[in-house]
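Visitor: no sequence on this one, just coordinates:
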């Protein structure tokens with residue numbers, strides 16, 4: 001009853017946001033995957049050039065299976081490009097490769113928000129797994145724990161909300177990190193002569209579509225957190 005009340009509409013809104021953003025990204029990526037970059041270089045070649053021109057010589061570029069599975073791993077300084085990006089010389093592929101290079105440059109330059117996000121990752125990972133189960137158990141059993149030295153009583157629901165809040169904070173920190181990486185990518189694509197002005201504009205459309213998926217994910221997480229707070233307050237009443 002508590003998990004499927006009127007606040008469940010927030011879950012449906014979040015699911016719709018993610019569905020629309022994902023569909024728009026796939027549509028935009030497919031469109032510009034069919035437009036060849038005039039320089040003729042592949043995503044992997046563009047990544048190698050950007051890294052080299054940025055003075056980064058300790059980052060490996062590897063292929064990773066899948067579609068749109070591209071990412072930069074700061075733990076072992078590896079930039080992984082998906083099958084649809086690695087060998088492709090399309091505007092979409094080169095734009096995505098440049099974006100991932102943007103993360104490598106952030107790491108190399110010590111970008112503060114990337115550091116904060118990396119520090120928060122372990123807590124956010126735990127929070128995303130434990131948040132909802134703790135709230136559910138709190139609703140079922142109503143367990144509460146007094147905090148020593150204070151008059152405040154912490155319920156299991158409160159604990160779940162705190163854990164999930166860490167995951168939401170991680171999602172929110174992801175937004176400026178992703179937008180910054182895209183901004184760096186668009187600058188280097190032009191400055192290093194990889195794309196012309198018109199092509200950079202097309203690459204911007206691809207990266208904007210990708211950024212919208214992060215916005216949708218963050219909004220969905222925030223809606224879910226708000227719903228957990230509503231469930232807690234409803235139970236207290």
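Guide: Sure thing, it's come through. Keep in mind that this is a model prediction, so the values were computed, not measured. Residues are numbered from 1 along each chain as shown.

Visitor: what residue ranges in the protein are flagged as low confidence?
Guide: The chain contains residues with pLDDT under 70 at 1-5, 149-151, 235-237.

Visitor: switch to 80 and redo it
Guide: 1-7, 139-154, 233-237 (pLDDT under 80).

Visitor: residues touching the nearest residue to residue 34 once chain neighbours are set aside, list them.
Guide: Nearest non-adjacent residue to residue 34, counting by Cβ to Cβ, 6 or more residues apart in numbering: residue 90, 6.8 Å away. (Each C-beta comes from the backbone N, C-alpha and C, glycine too.) Residues counted as contacts of residue 90 (Cβ atoms under 8 Å, 6 or more residues apart in numbering) are 32, 33, 34, 35, 36, 37.

Visitor: so the last one makes contact with residue 195?
Guide: When you say that, I think you mean residue 37. Yes - Residue 37 lies in contact with residue 195 (Cβ atoms under 8 Å); the separation is 6.4 Å.

Visitor: Show me how far stretch 227-237 is from its chain's centre.
Guide: Remark: stretch 227-237 is offset 28 Å from the chain centroid, using Cα atoms, centre = their mean, to the nearest Å.

Visitor: who touches both of residue 37 and residue 195?
Guide: 91, 94.

Visitor: thinking again about what came up before, now the residue nearest to residue 34: how far from residue 165?
Guide: Residue 90 sits 40 Å away from residue 165, taking Cβ to Cβ, to the nearest Å as the criterion.

Visitor: before we move on, back to that, which one of the contacts of residue 90 sits closest to residue 211?
Guide: When the contacts of residue 90 are ranked by distance to residue 211 (Cβ to Cβ), residue 32 comes first, at 14.9 Å.

Visitor: Assign a three-state SS to the closest one, would you?
Guide: Going by DSSP: H, G, I helix; E, B strand; the rest coil, the secondary structure assigned to residue 32 is helix.

Visitor: where's the closest residue to it other than its chain neighbours, which helix or strand?
Guide: Nearest non-adjacent residue to residue 32, counting by Cβ to Cβ, 6+ apart: residue 92, 3.9 Å away. Using DSSP states H and E, residue 92 sits within helix 91-109.

Visitor: That helix packs against which elements?
Guide: Packed against helix 91-109 by the contact rule (3 or more Cβ pairs under 8 Å, 6 or more residues apart in numbering; DSSP states H and E) you find helix 9-33, helix 43-53, strand 71-73, strand 78-82, helix 83-86, helix 112-141, helix 156-191, helix 197-236.

Visitor: about what we covered before: in the sheet, who's paired with the residue nearest to residue 34?
Guide: residue 36 (DSSP bridges).

Visitor: separation between it and residue 57?
Guide: From residue 90 to residue 57 the distance is 27 Å (Cβ to Cβ).

Visitor: Give me the neighbour count for residue 76.
Guide: 7 (other Cβ atoms under 10 Å).

Visitor: residues contacting the residue nearest to it when sequence neighbours are not counted?
Guide: In space, and not counting its chain neighbours, residue 76 is closest to residue 60: 7.9 Å by Cβ to Cβ, 6+ apart. Contact analysis of residue 60 by Cβ under 8 Å, 6+ apart lists 76, 77, 78, 79.

Visitor: List the beta-bridge partners for residue 60.
Guide: residue 78.

Visitor: what's the residue closest to the geometric middle of this structure?
Guide: residue 214 (4.8 Å; Cα atoms, centre = their mean).

Visitor: mind listing what it touches?
Guide: 171, 174, 175, 178.
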